[in-house]
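Undergrad: A predicted structure for the sequence below; I have some questions about it.
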Amino acid sequence: MLRADNVCFAYGKGPAIGPAKRPAKVGHYVPTDNELTNYARTDFVLTDVTFEVGRGQIVGLLGPNGSGKTTLLRILSGILRPASGRVALNGTEVGRLSHRELARQIAVVPQETHATFDFSVLDIVLMGRYPHLGAFELEGIADLEIAREALAATGTTAFESRQFATLSGGEKQRVVIASALAQASALLLLDEPTASLDLGYQFEIAALLGRLNRTRGTTMVVSTHDLNLAAALCSEVVLLKQGRVLAQGSTEEALTAANVRALYGIDADVGFHKRAGHLTVVPIGRSL
Amino acid sequence: MIVTWSAFGALAVGACLLAPLVGSTTIRLAAVFDRSRPFADNIDAQIFFVARLPRVLSAALVGSGLSVAGVVFQALLRNPLASPDTLGVSAGAALGAILAITFHLDFSLLGVSAVPLASFSGSIGALGIVYALSVVRRRGTSTTVLLLAGVTLTALLGAVVRFVQYVADFTETFQTVRWLMGSLDVAAYAPIGAALVPMTAAFAGFVTLPRALDLISVGSESAAARGVNVTQSERVALVSASLATGAAVSLGGPVSFVGIVVPHLVRLITGADHRLVLPASALFGAAFLIGCDLIARTALAPVELPVGIVTAIIGGPFFLWLLFRRG
């Protein structure tokens, strides 16, 4: 469904190869100071990243901070253009699609969402209908039905008329996922969806994602620091280190103690856990 | 949605019709529109159309322009305390206009005369500085950075304004001092026409924005992921809001706090959806400033206060309340 071929990316610092010296910014993204210093040193945020996401799969992006996970997701969603290489969605290069066309096929769930104004939960979910409406078109009954269905699918129906800002972190994340579902795109990109949540909410979101994948066949690419979440949820993983692919493949093959050590410098036990029903990673300490 | 629009529309039209009736001489609306008497004999109609209506219409135009500019800045910068005044945009517009007035600049471009043009250049210049500063400091939505930059810029531009006044001759200084207090002392239709051109252009831009502003106010990156052309919307929004501020300031001076009071009051009634907030703020902003000007004209009659004093007395405490409410 989604293919990334030899994707390279740099923030315009250092010698860039490939067709674009400065990558074109589609959305308005300003790198943080921290990112700029990181990138000034390494020049390339991503180098030769190639992988494929099949329909109905959940693929995990793993790697330490600054390894390029978020940048890769931005490139996959078309917000950033790669300096070289190509991202194709069902065979069409992502850069050739308009903002709206892209949004009808790919939905993005950011790590955190803050509403500046007093939008209701339903307002937030209805925003997912934006790419399906004309410039001056108002949401109709059909859009409202789709939004309500998305609320039901994420278990947030009860919050419908509450103010988004008053929800807890986990509830907000479920509503944002509902908004992404209302976008009715077959591919969901999630950037560390559980990073700011407590353990209970982490499991709740993981269960929700698994359920959406099983019942609706939603394809997902999930970046995360939570190796156990990735093990539970993802059929395949891509391990990124300093913008390069360290390992990729099925979760069983790629998520090994050796790779965890190479990625994070952490000595860990990785093994199949009977009660959990998937691989689990137990970090022991820093490896020497 | 239609009901809300109509209600705010009725409020604005009502304010435009009723406000000119109030003043030192009492006139009646029925007499004003009495077609049986010729205009030359109809004192009521003369007072209404010649003496008072231009001032009321200016108030409407200035009030709408500043209110909508406030709405747009708040959404774009994801900051409920942003407004033409707090960002220093009004101060920039004021400096531009003062320079044009003091140095008798007399040219026009595309039918827009020197003062509105200079005012627009000032507003977009000031906005450019604040925006660049806030974007450089990570994502530009930090309230502290934005407000401090706005305050600093306002002080700095104020000093330049005082310098210009200091070197200018006495009569001009007197005029500009009155004008800087935010005065709607407009007694002719020509300045309204001059401000109407850039204001119309600004509103043509605003019409395209409401839904994009909804999504951008929740996050520019997620807006882009939902199909909003963020860069283009931001450009249209910033230029239109600067145009509206420039046009408003060139007509009525830097009338303070309108751009912050009106959008918040409107949101209390309509909720956050910009398809309601934007038109409702334009209409309510008109009615609000007409009302403030009515107070300014009658509070110490026959002395007519500059309307900026009234809006500041209402808006100052309101702004502090907002600041504290947000914690």
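TA: Perfect, I can see it now. None of the values given here were measured: they were computed from a predicted structure.

Undergrad: So B:Phe39 belongs to a strand, correct?
TA: No - with DSSP: H, G, I helix; E, B strand; the rest coil as the criterion, B:Phe39 is located in coil rather than a strand.

Undergrad: Would you mind giving the secondary structure of the closest residue to it other than its chain neighbours?
TA: Leaving aside its sequence neighbours, B:Phe39 sits nearest to B:Ala45 (CB to CB, 6 or more residues apart in numbering or on different chains; 5.7 Å). All C-beta spots, glycine's among them, are computed from the backbone N, C-alpha and C. Per three-state DSSP, the local secondary structure of B:Ala45 is helix.

Undergrad: which residues touch B:Ala45?
TA: When contacts are counted by CB atoms under 8 Å, 6 or more residues apart in numbering or on different chains, B:Ala45 touches B:Ala31, B:Val32, B:Phe33, B:Asp34, B:Arg37, B:Phe39.

Undergrad: what's the pLDDT at the first one?
TA: If I follow you right, that is B:Ala31. We have a pLDDT of 84 for B:Ala31.

Undergrad: That one: which element?
TA: Assigned by DSSP states H and E, B:Ala31 belongs to helix B:29-32.

Undergrad: ok, which stretches of the stretch 1-150 of chain A are helices?
TA: A:33-42, A:69-76, A:99-105, A:121-126, A:141-153 (DSSP state H, counting those that start in this stretch).

Undergrad: Reformat these as TSV; add distance to B:Ile27 and mean neighbour count.
TA: Below are the helices of the stretch 1-150 of chain A laid out as TSV (distance: least, CB to CB, whole Å; neighbours: other CB atoms under 10 Å in any protein chain shown):
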stretch	distance to B:Ile27	mean neighbour count
helix A:33-42	63	14
helix A:69-76	63	25
helix A:99-105	54	20
helix A:121-126	46	25
helix A:141-153	50	17
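
Undergrad: Just tell me which of those ends up closest to B:Gly182.
TA: Checking those against B:Gly182 by CB to CB gives helix A:121-126 as the closest, at 35.1 Å.

Undergrad: Can that closest one be said to contact chain B?
TA: Yes - applying CB under 8 Å from any CB of the partner chain, one finds helix A:121-126 touching chain B at A:Asp123, A:Ile124.

Undergrad: In CSV, list the C-alpha atoms belonging to that helix.
TA: Extracted in CSV, the C-alpha atoms of helix A:121-126 (Å, rounded to 0.1, in the frame of the first residue of the first chain):
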residue,chain,number,x,y,z
VAL,A,121,-15.3,16.9,21.0
LEU,A,122,-17.8,16.6,18.1
ASP,A,123,-16.2,19.8,16.5
ILE,A,124,-12.8,18.2,16.7
VAL,A,125,-14.0,14.9,15.1
LEU,A,126,-15.9,16.8,12.4
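
Undergrad: picking up where we left off before, report the buried residues of the helix holding B:Ala31.
TA: Within helix B:29-32, the residues scored as buried using 16 or more other CB atoms under 10 Å in any protein chain shown are B:Val32.

Undergrad: and it, how far out from the chain's middle?
TA: Taking the mean of its C-alpha atoms, helix B:29-32 sits 30 Å from the chain's own mean (CA atoms, centre = their mean, to the nearest Å).

Undergrad: Quick one: list the elements packing against it.
TA: helix B:43-46 (3 or more CB pairs under 8 Å, 6 or more residues apart in numbering or on different chains; DSSP states H and E).

Undergrad: any idea of the mean pLDDT for the helix or strand following the helix it packs on?
TA: Note on helix B:43-46: by DSSP H and E, the next helix or strand toward the C-terminus is helix B:53-76. The pLDDT scores in helix B:53-76 average 94.

Undergrad: and helix B:53-76 with chain A, contact?
TA: Yes - on the criterion CB under 8 Å from any CB, helix B:53-76 is in touch with chain A at B:Gln74, B:Ala75.

Undergrad: buried sites along that helix?
TA: Buried residues in helix B:53-76 (16+ other CB under 10 Å): B:53-76.

Undergrad: Just want the angle from the strand or helix carrying B:Thr311 to helix B:53-76.
TA: Assigned by DSSP H and E, B:Thr311 belongs to helix B:307-325. Taking axes from the mean of the first three to the mean of the last three CA atoms, to 10 degrees, one finds helix B:307-325 and helix B:53-76 inclined to each other by 20 degrees.

Undergrad: who touches helix B:307-325?
TA: Taking CB under 8 Å, 6+ apart as the rule, helix B:307-325 contacts B:59, B:80-81, B:181-184, B:252-258, B:260-261, B:264, B:289, B:292-293, B:295-296, B:299.

Undergrad: CA atoms of it as CSV?
TA: Provided in CSV are the C-alpha atoms of helix B:307-325 (Å, rounded to 0.1, in the frame of the first residue of the first chain):
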residue,chain,number,x,y,z
VAL,B,307,-13.3,56.6,21.6
GLY,B,308,-9.9,55.0,22.3
ILE,B,309,-10.3,56.2,25.9
VAL,B,310,-13.6,54.4,26.3
THR,B,311,-12.5,51.1,24.7
ALA,B,312,-9.4,51.1,26.9
ILE,B,313,-11.4,51.6,30.1
ILE,B,314,-13.6,48.7,29.0
GLY,B,315,-10.9,46.6,27.5
GLY,B,316,-8.1,46.9,30.0
PRO,B,317,-9.9,45.2,32.9
PHE,B,318,-11.4,42.6,30.4
PHE,B,319,-7.9,41.7,29.2
LEU,B,320,-6.6,41.3,32.8
TRP,B,321,-9.6,39.1,33.5
LEU,B,322,-8.7,36.9,30.5
LEU,B,323,-5.1,36.7,31.6
PHE,B,324,-6.2,35.5,35.1
ARG,B,325,-8.9,33.2,33.9
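
Undergrad: and that helix, which residues are buried?
TA: B:Val307, B:Gly308, B:Ile309, B:Val310, B:Thr311, B:Ala312, B:Ile314, B:Gly315, B:Phe318, B:Phe319.

Undergrad: By pLDDT, give me the weakest of those residues.
TA: pLDDT across the buried residues of helix B:307-325 is lowest for B:Phe319, at 86.

Undergrad: Residue 232: what's it in contact with?
TA: If you meant another chain, say so; for now it's chain A. Here A:Ala232 is in contact with A:Ala206, A:Gly210, A:Ala276, A:His278 (criterion: CB under 8 Å, 6+ apart).

Undergrad: ok, now how distant is B:Pro306 from B:Ala296?
TA: Plainly put, B:Pro306 is 7 Å away from B:Ala296 if you go by CB to CB, to the nearest Å.

Undergrad: cool, B:Phe318 as well?
TA: Distance from B:Phe318 to B:Ala296, by CB to CB: 17 Å.

Undergrad: So which bits of stretch B:158-177 are buried?
TA: B:Gly158, B:Val161, B:Val164, B:Gln165, B:Ala168, B:Glu172, B:Thr173, B:Gln175, B:Thr176.

Undergrad: nearest to A:Leu126, of those?
TA: B:Gly158 (43.7 Å).

Undergrad: List the single closest residue to the closest one in space, sequence neighbours excluded.
TA: Counting by CB to CB, 6+ apart, the residue nearest B:Gly158 is B:Ala91, at 6.2 Å.

Undergrad: OK, contacts around that neighbour?
TA: In this structure, B:Ala91 makes contact with B:Asp85, B:Ala126, B:Leu153, B:Thr154, B:Leu157, B:Gly158, B:Val161, B:Pro254, judged by CB under 8 Å, 6+ apart.

Undergrad: Contact residues of the stretch 151-288 of chain A facing chain B?
TA: Going by CB under 8 Å from any CB, the residues of the stretch 151-288 of chain A near chain B are A:Val176, A:Gln183, A:Leu189.

Undergrad: Next, the contact list for the first one, please.
TA: Looking back up the chat, that one is A:Val176. Shown in contact with A:Val176 (CB under 8 Å, 6+ apart): A:Val109, A:Pro110, A:Thr113, A:Ile124, B:Ser222.

Undergrad: How many residues are close by A:Leu133?
TA: 16 (other CB atoms under 10 Å in any protein chain shown).

Undergrad: Return the residues in contact with it.
TA: Taking CB under 8 Å, 6+ apart as the test, what A:Leu133 contacts is A:Glu139, A:Asp143, B:Arg211.
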